[in-house]
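In: fold the stuff below for me.
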Amino acid sequence: MTRILIVDDHAVVRLGLLQLLSSYDDFEVIGTATNGSAAVAMATADPPDIVLMDLAMPVMDGIEATKALVELFPGLPVIVLSTYEDPAMVKRVLAAGATGYLLKDVEPDALASGIRSAIEGGAPLSPRVAAQLIREGRTVDTLATLTPRERQILEHIAGGNSNKQIARLLGISEMTVKSHCGRLFHRLGVTDRTQAAVWATKNLHA
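Out: Numbers count the residues shown, from 1 in each chain. Have a look, this model is predicted:
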């Protein structure tokens, strides 16, 4: 069962998502928050498996909330669900640590598939947003999408360290390192540590 936290300042959206996601047997909505600050507090009290995050909200917006959540819970998937299609905004969100970006007019089954994909290490992106990025020639800079922790781990992978060694060096659990690696490999478009190390050598200090 995938435990989901919904974050949106519009009551109609929160209720709609709650009803929609509750209709799937493998989803459980554990809470809804009206702003980013409330989302961080709720996640701290009862950590979800994934977060659906709005962008424009009072108190703390979706970008700041995403940064905070990813720092608190490394490897936590955050899917932004927004009406904004601006490629520059998408880049900012991904740089903040978001796992994916879907538009609010997404079909119900496509949203469900995106959630499942993110849980498995994927990065769901709305086809329309992807098309915008391509049309404007503003592809997402892979380095810009990496969190500070992911860059640290990539540096250690390039240095030949194992997950166990990285966990000890960074003071985190081996399971957390493994989770980071799964997301990291997906972002880089590689399948193993050797390919990740080669990518890091070519791009981290270019």
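In: pull the number of nearby residues for N163.
Out: By other Cβ atoms under 10 Å, 19 other residues sit near N163. For every residue, glycine as well, the C-beta is placed using N, CA and C.
In: pLDDT score assigned to the residue lying closest to it once chain neighbours are set aside?
Out: In space, and not counting its chain neighbours, N163 is closest to V177: 4.6 Å by Cβ to Cβ, 6 or more residues apart in numbering. V177 carries a pLDDT value of 89.
In: could you tell me how far the helix or strand containing V177 lies from the centre of the chain?
Out: Assigning secondary structure by DSSP states H and E places V177 in helix 174-188. How far helix 174-188 lies from its chain's middle: 12 Å, per Cα atoms, centre = their mean, to the nearest Å.
In: give the buried residues for stretch 196-206.
Out: Buried residues in stretch 196-206, counted by 16 or more other Cβ atoms under 10 Å: 196-197, 199-200.
In: and that stretch, average pLDDT?
Out: 76.
In: and the protein, what are its domains?
Out: Per the record, the chain has its domains at 2-135, 146-203, by automatic domain parsing.
In: ok, of these, where does mean pLDDT dip lowest?
Out: domain 146-203 (a mean of 85).
In: strands paired with the host helix or strand of V29, and their directions?
Out: Using DSSP H and E, V29 sits within strand 27-33. Using DSSP bridges, the strands paired with strand 27-33 are strand 2-7 (parallel).
In: could I get the buried residues of stretch 196-206 as CSV with secondary structure and distance to A43?
Out: Below are the buried residues of stretch 196-206 laid out as CSV (DSSP: H, G, I helix; E, B strand; the rest coil; distance: Cβ to Cβ, whole Å):
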residue, secondary structure, distance to A43
A196, helix, 28
A197, helix, 33
W199, helix, 31
A200, helix, 30
